[in-house]
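K.L.:
need coordinates for the below:
(one chain, ligands or ions: 1)
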Amino acid sequence: MRRLLALALAIAAMVAVRELGGDAASAAATPLALGFALMGALITGDALRRFQLPRLTGYLLFGVVVGPYLSNLITAPMAAQLQVFTGIATTLIALIAGLTLSMERLGSRFAAIVRMTVATLAVSMAGVGAVGWLAWRWLPVAPTATGAELLAMLALLTVVVVSFSPTMTAAVVADSGARGRLSDAVLAIVVLADLALLVLFAVTMQVARVVFDGGDGQGAEVLSRLAWEIGGAVAFGVLVGALFALYLRYIGREITLVLLAVCAVLSQVGTTQQLQPLLAAVAAGIVIENLAVAQGDALRAAVRRGAPPVLVVFFVAVGASLRLDAVAAIGASALALSAVRLGFIRLGVIAGVKVSGLPDPIRKYAWTGLISQAGITLGFASVIAAEFPGWGNQLQLLLVASIAIHELVGPILFRRGLTQAGELEAHSPRPLMVVSNREPYIHNQAADGGITVSTATGGVAVALDALMRERGGVWIAHGGGSADRLVVDASDKVAVPPENPSYVLRRLWLEEPVFSAYYGGFANEGLWPLCHVVDVRPKFRSEDWEAYKDINARFAAAIHSEIGATEAPVFIQDYHLALVAPALRALRPDTRTALFWHIPWPYPDRLRICPWRRELVAGLLANDLLAFQVERDRRNFLLAAEEELDAEVELESSRVRFNGRTTTVVSVPIGVDYDRIQGFAADPALAAEQQRLIELLDLRAEVIGLGVDRLDYTKGIPERLNAIDALMAQRPDLRGRVTFVQIGVPSRSDLDSYAAIETEIGERIKALNARYAVPGRPPVVTYYTTPLGAFSLVALYRLAHFCIVSSLHDGMNLVAKEFVAARDDERGVLVLSALAGAAQELEEAVIINPYDVDAFAAALIQAIEMTDDEQVRRMRAMRKVVAGRNVFNWASDILEGLESIWTKPLLYSVRGWEDTSV
Ligand code: GDG
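P.N.:
Numbering: from 1, shown residues only. Down below sits the predicted model:
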């Protein structure tokens, strides 16, 4: 019923529009008519999308079907206004085509793409021209023509028949969400080819004018007109583009509006001054794209906002102007022409790939992207018809009929080509290359001579392993296990996971003393304390720096040798590998890399401690995407890029331009594998494991507190012990009733600073236990330094009444999130340092300052005495955050961000968690 009512309303409105359009009030009716066309076309486009067809085919079909009725609906004054609108639309589309041609993105491939374009054009034009010559007398244009006249007509026919549609190509890519080399290359080829064809068309038109209108003594005039039409258009486009780029850079407001105004100017000035408006628009687009690189995000957002209605109207108009009657009248010739065109384009692509060396998907599928024809071809045809009414009209009819075929078939075939080349979103993601210092599987020699495999502990390694199992690919890491060499093949690879191999682990053998200088030295005695605000002096030694550079270069060489033809994106982990990207780029300029910096980034004054800070910042800027844990780190990095390198930083879009490259810098907080932890929590074996832990750790106390840390001076363990000391001093009634379990896994113990903290913690715990011992009751602190399995850890998290994370400075801190993920009973209190990244997200924790002993002790009391209701309220809120941003969201935000940097709008936004149900 409602649908019928809506239909009746729509019909009534259309009639009203028609009435309005008849009189002077037509100005109001035009937008209304436009609105109806928009709505109808959008619905048709959406319907076709369900059948895996491009939306724009829907708009076209809508235009074809409704076209004849539109001419009834739209009155003459309205049509004139719409003409202006479609003028702007066509120019915007040409401008968008120009915007796709980024020299930076195409980089080293640009020369290859130019060669490919030239070869494809040369072969297709030669082929179409030759067949046209042979078949001329059968073509319904001017069969009896001979000599110069025939040549001029043939030349025009060839240029127009071969021409392509950047708009349709770009629209299919955008509509299908395709990304990859094929879509990149096809877009560039189409734009470059059409630029060349626009010039050729202008030249050929001048020749035709001389031939048909008598060219005696007009040589100079012809040349000057040509220079004006082409040179003037390019110059005007470049000027407008440069002005707009300046506007973007220095003002940057209301960009969508200004963009449309720029298109109106290009279209109006172009038409009235006899400049080629489309050529000017493409030129402007190229200039804007390549001058305002850092403003790319804002620009793309503006295009995204402004383009859809314009595109819909454009395609409907094209659809409405399609002459199906022409197809019927001269269908055979048009079909033959299409077949010849397609055949030679395919040959051209084969030749192009030969001379350019572009990779496989391009050889196989590029031709599908070169079929569509639309605005530019129609434009050419109508110019010819207008200037040469006799044979020009005949030619136009023939061209329009074949355009109709290409317009309908092209997008469908291109979408299929993209699907088959694996560039559509629906396709399974591409293999991945993960690079980290530490390996996910370690083979060790057992005492009995056998070989054991252990997995790396820690949430990140587990999550990346899960990701690799799903996507496949190669993980490159240092082989540190005693039996690692025994299980690899001749190229140092082993398939993992051992029980069900699904990806490859490639091991690097990093020998002493270089390894220690790189790992223990530069990374852990230099960068680690540099990036954490703690009282440990960073040590920077030249020999460590040399080792660091050397080993980073070895990682890069391994990536280069492994990546082969896979074009896998490279995901680099952490501060050990800051210089991998520049070394890799020297070997392989167009690899896509992202680096995640797991620890904080120092503020500018602290960064200045590092003698090689500039090399570090520049090295990180060799990545396409650089991600930090929290906004504070991202900001500090952007400051460093500005202050140390004078790089161009666009704060809003987070893009940094340095050394001719652009890097997107984002903050993407890491999460935990929430579902896996939930799975452990629900496991029936959990109760037995808890019982085992109660006995192992002597957990008889009424209240259990918990801390789980690598023994690192950044984790604030002595400060935690200070607070427990203060608590026991202030509240003797709690002695013997509260036990605090500290799981402290030694790490980096061969460095002095770590050995010192281990000793200090051991002694402090002993002293505490002696001071507050209650005979017959459990100790104040139970200290356990053997690593536990992940399942045991979850069992322990669920035994605790509260968990303390008291880092002095921490990138994120996964323990805080793991504790929350494990508590589906919605009980337990998280006492969390404000200085850990996690505190920015887990606002409902009891937030402490580890340096403020008394307040810290008071927070412990608050945790111990917290009511059930309050525990539930806080835990619920925190669980929502942790569930909504799990480690897979983290990885896919980074990887999707990396893959879409060039092919999709650059607006990078981190997945929101607000709507997640827990
Ligand atoms: C860096 C940043 C950032 C600990 N003991 C055992 C065990 N663990 C696991 C925990 C947790 C991981 O180790 C420790 O992660 P953290 O985040 O707490 O700290 P870092 O090692 O310093 O990590 C840090 C992190 O990178 C990720 O980006 O959050 O800020 O410093 O997953 O569960 N795991 C097992 N047994 C143990 O005994 N199985």
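K.L.:
wait, a strand at Ile743?
P.N.:
Yes: the assignment for Ile743 is a strand, going by DSSP: H, G, I helix; E, B strand; the rest coil.
K.L.:
what helix or strand is the spatially closest residue to Pro309 that is not a sequence neighbour located in?
P.N.:
Once flanking residues are discounted, Pro309 sits nearest to Leu38: 5.9 Å by C-beta to C-beta, 6 or more residues apart in numbering. Heads up, the C-betas are built off the backbone N, CA and C, glycines and all. Remark: Leu38 resides in helix 26-49, with elements defined by DSSP states H and E.
K.L.:
strands of the stretch 801-918 of the chain, start to end?
P.N.:
Secondary structure of the stretch 801-918 of the chain, counting by DSSP state E, counting those that start in this stretch: strands at 802-805, 829-833, 846-848.
K.L.:
enumerate every residue touching Phe628.
P.N.:
With contact taken as C-beta atoms under 8 Å, 6 or more residues apart in numbering, Phe628 is in contact with Phe596, Trp597, Trp601, Arg634, Phe637, Val665, Val666, Ser667, Val668.
K.L.:
now do 7 Å
P.N.:
Each residue near Phe628 by C-beta atoms under 7 Å, 6 or more residues apart in numbering is listed here: Trp597, Trp601, Arg634, Phe637, Ser667.
K.L.:
neighbours of the last one, how many?
P.N.:
Residue crowding around Ser667 was assessed by other C-beta atoms under 10 Å; the count is 19.
K.L.:
beta partners for it?
P.N.:
Note on Ser667: beta-bridge partners by DSSP bridges are Phe628.
K.L.:
just the buried residues of stretch 747-761, please?
P.N.:
Of the residues in stretch 747-761, Arg748, Leu751, Ser753, Tyr754, Ile757, Glu758, Ile761 count as buried by neighbour count, 16 or more other C-beta atoms under 10 Å.
K.L.:
I figured the second one was touching Glu525, is that so?
P.N.:
Yes: counting by C-beta atoms under 7 Å, a contact exists between Leu751 and Glu525, whose distance comes to 6.1 Å.
K.L.:
what score does the residue of the chain most remote from its centre have for pLDDT?
P.N.:
Centroid-distance maximum for the chain: Pro775 at 61.5 Å, with C-alpha atoms, centre = their mean. In this prediction, Pro775 carries a pLDDT score of 92.
K.L.:
got the contact list for Phe201?
P.N.:
The neighbours of Phe201, taking C-beta under 7 Å, 6+ apart as the test, are Val159, Phe380.
K.L.:
now it: which helix or strand?
P.N.:
Applying DSSP H and E as the criterion places Phe201 in helix 181-213.
K.L.:
now do that helix, average pLDDT.
P.N.:
85.
K.L.:
so where do the strands sit in the stretch 401-550 of the chain?
P.N.:
Going by DSSP E, counting those that start in this stretch, the stretch 401-550 of the chain shows strands at 432-435, 441-445, 451-455, 473-478, 493-496, 503-508.
K.L.:
mind giving me the packing neighbours of the fourth one?
P.N.:
Helices and strands touching strand 473-478, as assessed by 3 or more C-beta pairs under 7 Å, 6 or more residues apart in numbering; DSSP states H and E, comprise strand 432-435, strand 503-508, helix 542-563.
K.L.:
quick one on the thing from earlier: which of the contacts of Phe628 lies closest to the ligand?
P.N.:
Nearest to the ligand, judged by C-beta to the nearest ligand atom, of these is Trp597 at 9.0 Å.
K.L.:
bridging residues for that closest one?
P.N.:
Phe628.
K.L.:
and His478, by the same measure?
P.N.:
Leu508.
K.L.:
return the residues in contact with it.
P.N.:
With contact set as C-beta under 7 Å, 6+ apart, His478 has these partners: Asn437, Arg438, Glu439, Leu508, Leu510.
K.L.:
compare those residues and tell me which is most surrounded.
P.N.:
With neighbours set by other C-beta under 10 Å, the maximum within the contacts of His478 is found at Glu439, which has 24 neighbours.
K.L.:
my read: that residue touches Gly479, true?
P.N.:
Yes: the pair Glu439 and Gly479 passes the contact test of C-beta under 7 Å, sitting 6.3 Å apart.
K.L.:
point out the residues in the protein that sit beside the ligand.
P.N.:
Contact residues of the chain with respect to the ligand, defined by C-beta under 6 Å from any ligand atom, are listed as 457-460, 598-599, 670, 708, 710, 743, 745, 787-790, 793, 810-815, 818.
K.L.:
only whichever of these are buried, select them in ChimeraX.
P.N.:
What follows is the ChimeraX syntax for the buried subset of the residues of the chain next to the ligand, where burial is set by 16+ other C-beta under 10 Å:
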select :459,460,598,599,670,708,710,743,745,788,790,793,810,811,812,813,814,815,818
